[in-house]
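In: Here's my sequence, what's the structure:
(chains A and B)
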Amino acid sequence: MKKIIIAVVAVVLWLAAVIGYTVAGTASDGDDGEHDFIVLTVKEETVKDYNTMPVFTELARMTGKDVYWTYNTSNQYSNNIDPISIKGIDAIYHAGFSNLKLYNYGRRGKIVAIDEYLDSMPNFKRILENPLRQDIRQALESPDGHIYSLPRIEEMGLKAYPNILFLNKEWVKQLIDKDDLPASVNLQEEDLKDGLKLKRSEFKAILQKFCDTDISGVDSKNKVPLAFVSGNWQGNESDLIASFGVPENREHKTVENGKITFTIENENWFNAIAEMNDWYNRGLIRSSAFSQTQDEFLAKGQDGRYGAFYWWEKETVVAKDKQNDYIVLQPLVDDVTGKQYAGVSNEQEIEKSECVILSSCKDIKGLLGYFDKFFEPEISAQLNYGLIASGAFKSQKDENGKLVPNDDHGNQSTDDFRMKNAPYGVVYLTAEEWENNIEMEPRAKLRLERLEKWVKAHTFENVKPIPNLNYTKEQLDVLNMYESSLGNNISAWMTNSITAPTKPSKSDWLNNLLKTNRKSIDEVKRVNQEAYDSYLSKISAGS
Amino acid sequence: MKSLNGASAEAVENDLLIEQAYEAMSEGSTGDGEVVNKKAPDKWEKWKNNFKRRGWILLFIIPALLYVLLFCYVPMYGILVAFQDYGVGDPILGAGTVWVGFDNFTAFFSNPNFGDYFVNTFLLCFLGFIVGFPLPVIVALLLNSLRSKKVKKGLQILYYAPHFISLVVMVGMLKLFFGADGLFAGGSDFFIKPEAFRPLFIFSGNWQDFGWSAIIYLAALSGVDPALHEAAKVDGASRFRRIFSVDLPAIAPTVIMLMILSIGNLMSCGYEKVLLMQTPGNLPTSEILSSYVYNFGLKGDAGYGVGTAAGLFNSVINVALLVIANFTSKKLANQSMW
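Out: Below is the predicted model:
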């Protein structure tokens, strides 16, 4: 009898748990009220709920449309292999589909061909029809000529240069004070300011000192002489490699004299890898550079344990009280040629698939009309930084009629403020808008200034980033077959060669990297060249 | 109780009697020269009778059958995707289905890295099998010949406890020990070295599972008749001799059966751990067929068709290996699954 009672109790408890879980699950999945639209967005837990974000409540008031935002974290989203099949959603914000994925969903009719609804989107229509900006239309079209997504356009001129080199001047000062500077380096304390120019060999010697001597204020176990995140979109090793005279970026491909080229075929690239192998074996570069994520890099950097690092800006890497320890270095001077080089990345300022509308949406025109509002410059600016009324911008425009960002958020840092107020996403902030309507925020300005002063002058002549290319279905299939496996092979060869105990040999480079991947390299080059040529001809025909 | 037992024994006796009677009847009716023709229906008759009396026992296999049907056979229709240009939400069999024949296989086989993936899969799983299969057998035999029961129990628990560590935690531990600035990494990082991937994967896997896998052999060993050991002892066999001449032959059928089964799974070492351990640096050895299916077929742009084709290819190899292993063992050891 006792056993029976125990069994019954166990079953009841189990059922209660299951039911409780299911009920709780449904409650948190959506909210009970009726909404005009439900949009899935991709955001981190730390970012404020979009449903209560002032920009969206204001947009709801302006358009009279009630949009409910559900979300995935970026981790959930990237592991969600079928975001399009999530039930009950009308659109995906921050969708970030690849060209092929976008086209595959589009031609199956799973997502809406937005070009068929331009009549309900006056702002977007005007952008597409602007004769001066036919490159935007070009970038957005899929192989069948349809536009399946709403873009994010933010042209600040920052993305082509995702790496700036920073040096810990306090550490160098310690070396100077101890009279322990390497013999080859002639530096005075007053030289240690932004824009310092160092030869690569001098930089290496300093890093070696960082590595070998005790630096006060930092645990020698944690000390990292040179830090970066290999293969990351910002703060990668590309510009260290570029200093050898090869226009490197993280995709290893670029446009040189109108021709698509792979940097890995350049002998300077090999020289750079061979030298980095030496840096690695001397302990100047740590193995964590090749395995850490961006977040890990940022978390570690806060306490100022980096002797030097590549990143977008020092302000995100180092905690406030240590930020002044670091100075901006110019691109390293090549010892052989005496020249300075900086690579250009292929990061696009026109991000193609920021938002897609699912065909299951019942009122496509209504929803597109709502998103069309996002393309108004002032709305765009507020989506990017926060509502004017919440204090993201000064309530008065300046004498030129430009919106001026407000940097004073009381106790909050700018990052915190933006996490609560700015959803980013679909915006239209072209170079023209920054020129005429909106003043850039101070941090963007600062970065632009640093780039203007010290980096941009050293980019390669005749080298351009690869623009947003428009591939045909066949070209997409070829890229699909070769490109990602090629990328894996290159990064694997590179990482292994740098971290190997001995220097990579030239024959290893020629055989194991170039020869084994010959077909992939050639095919990717050919397809990109074709697409680039047709891009050029279309742009020149349009203007 | 006694009477009950008596009753059931009686029933069994009755059954036997009836059976004998049937046999006698059927033999009686068999004429010369018609043996083959007549024996079949009689056998059928016998079976039917048997079923009538004891058929309800078959009900016990229904849950197992249902399970296999629902979770193994029903999802198999998804294989069709390997022959389609399939996207999410497309019907697998319907008007909108786009059949592409063997295009997906062509795309998969002409992938420039296909050879590497294949070799990686084979080496990882084969080496894992070479190291991992004998280990539990040896451990079970050694444990079994321990004198002290207490020590045996203790060791057994110690050995199989790691089995309950979840994969993620396991790889986390590996990273702490052998990853960047890890305890045993000596300033380097074994996770970015392609040559370190297989040893790390195989030895950590075996460390985790050898104790658990030994349990089945220990169970088989517990069935060994102690009289055999007694007899061997009387004959002057040493402890070591008895392991080889008594214990090992006793568990040989189990060992062979499990070997056939694991050869049938040779090409499918789990992708989860591979994915957890993958870094850009160790990709030359860590990208195997099943991780390719995930990375390119599901998450990447290659598409479901190519992913399914790759998975199907893997399964076909597994089936072929299974058949070969079974055939070989039938010929050599007269042990087989079918």
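In: all helices for the stretch 51-200 of chain B, in order.
Out: Assigned by DSSP state H, counting those that start in this stretch, the helices in the stretch 51-200 of chain B fall at B:62-68, B:103-109, B:114-132, B:134-144, B:149-160, B:167-178, B:194-222.
In: what mean pLDDT does the second one have?
Out: Looking back up the chat, that one is helix B:103-109. Across helix B:103-109, the average pLDDT comes to 90.
In: Can you give me the buried ones in it?
Out: B:D103, B:N104, B:F105, B:A107, B:F108 (16 or more other C-beta atoms under 10 Å in any protein chain shown). (Each C-beta comes from the backbone N, C-alpha and C, glycine too.)
In: Contacts only, for the first one.
Out: Contacts were defined as C-beta atoms under 8 Å, 6 or more residues apart in numbering or on different chains; by that measure B:D103 touches B:D85, B:G305.
In: ok, now the second one?
Out: B:N104 makes contact with B:A82, B:F83, B:Q84, B:G303, B:G305, B:V306, B:T308, B:A309, according to C-beta under 8 Å, 6+ apart.
In: Distance check, it against B:G303.
Out: 8 Å (C-beta to C-beta, to the nearest Å).
In: since we're on B:L93, how many residues are nearby?
Out: Other residues near B:L93 come to 8 when the count uses other C-beta atoms under 10 Å in any protein chain shown.
In: what's the answer for A:Q382, then?
Out: 27.
In: and it, what element?
Out: In the assignment (DSSP states H and E), A:Q382 maps to helix A:377-385.
In: rewinding a little: from the buried residues of helix B:103-109, which is closest to chain A?
Out: B:A107 (6.5 Å; C-beta to the nearest C-beta).
In: looking at it, the closest one is touching A:M481, isn't it?
Out: Yes. Counting by C-beta atoms under 8 Å, B:A107 touches A:M481, with 6.5 Å between them.
In: Just list the residues touching the closest residue in space to A:K519 that isn't next to it in sequence, thanks.
Out: Distances taken as C-beta to C-beta, 6 or more residues apart in numbering or on different chains put B:P112 closest to A:K519, at 6.0 Å, once the chain neighbours are dropped. Contact partners of B:P112, counting by C-beta under 8 Å, 6+ apart, are A:M481, A:Y482, A:S485, A:L486, A:N517, A:K519, A:S520.
In: Give me the phi and psi for A:V255.
Out: According to degrees, to the nearest 10, the main-chain angles of A:V255 amount to phi -100, psi 120.
In: An error on my part: the question was meant for A:K464.
Out: Main-chain torsions, A:K464, degrees, to the nearest 10: phi -130, psi 160.
In: Same check on A:Y148?
Out: Taking degrees, to the nearest 10 as the convention, A:Y148 sits at phi -100, psi 0.
In: so it makes contact with A:G106?
Out: Yes. With contact defined as C-beta under 8 Å, A:Y148 and A:G106 form a contacting pair (3.9 Å).
In: Please enumerate the shared neighbours of these two.
Out: Common neighbours of A:Y148 and A:G106 are listed as A:A113, A:S142 (criterion: C-beta under 8 Å, 6+ apart).
In: Between those two, point out the one with more neighbours.
Out: A:Y148 (27 against 23).
In: For B:D189, which residues are in contact?
Out: A:S287, A:S288, A:F290, A:S291, A:T499, B:F178, B:G179, B:A180, B:D181, B:G182, B:G281 are the contacts of B:D189 under C-beta under 8 Å, 6+ apart.
In: Find me the pLDDT at the residue in the stretch 151-300 of chain A that chain B sits nearest to, would you?
Out: Nearest to chain B in the stretch 151-300 of chain A, going by C-beta to the nearest C-beta, is A:S287, at a distance of 3.6 Å. Note on A:S287: pLDDT of 88.
In: doesn't B:G182 make contact with it?
Out: No. The pair A:S287 and B:G182 fails to qualify as a contact (C-beta under 8 Å) at a distance of 9.8 Å.
In: The two - which one has more neighbours?
Out: A:S287 (24 against 19).
In: What separation do you get for the nearest residue to that one once chain neighbours are set aside and A:Y310?
Out: Residue nearest to A:S287 in three dimensions, not counting chain neighbours: B:D189, with 3.6 Å by C-beta to C-beta, 6+ apart. Separation of B:D189 from A:Y310 (C-beta to C-beta): 19 Å.
In: Now do whichever helix or strand A:F371 is part of, average pLDDT.
Out: Using DSSP H and E, A:F371 sits within helix A:364-372. Mean per-residue pLDDT for helix A:364-372: 96.
In: the inter-axis angle of it versus helix A:377-385?
Out: 80 degrees (axes from the mean of the first three to the mean of the last three C-alpha atoms, to 10 degrees).
In: buried set for helix A:364-372?
Out: Judged by neighbour count (16+ other C-beta under 10 Å), helix A:364-372 contains these buried residues: A:I364, A:G366, A:L367, A:L368, A:G369, A:Y370, A:F371, A:D372.
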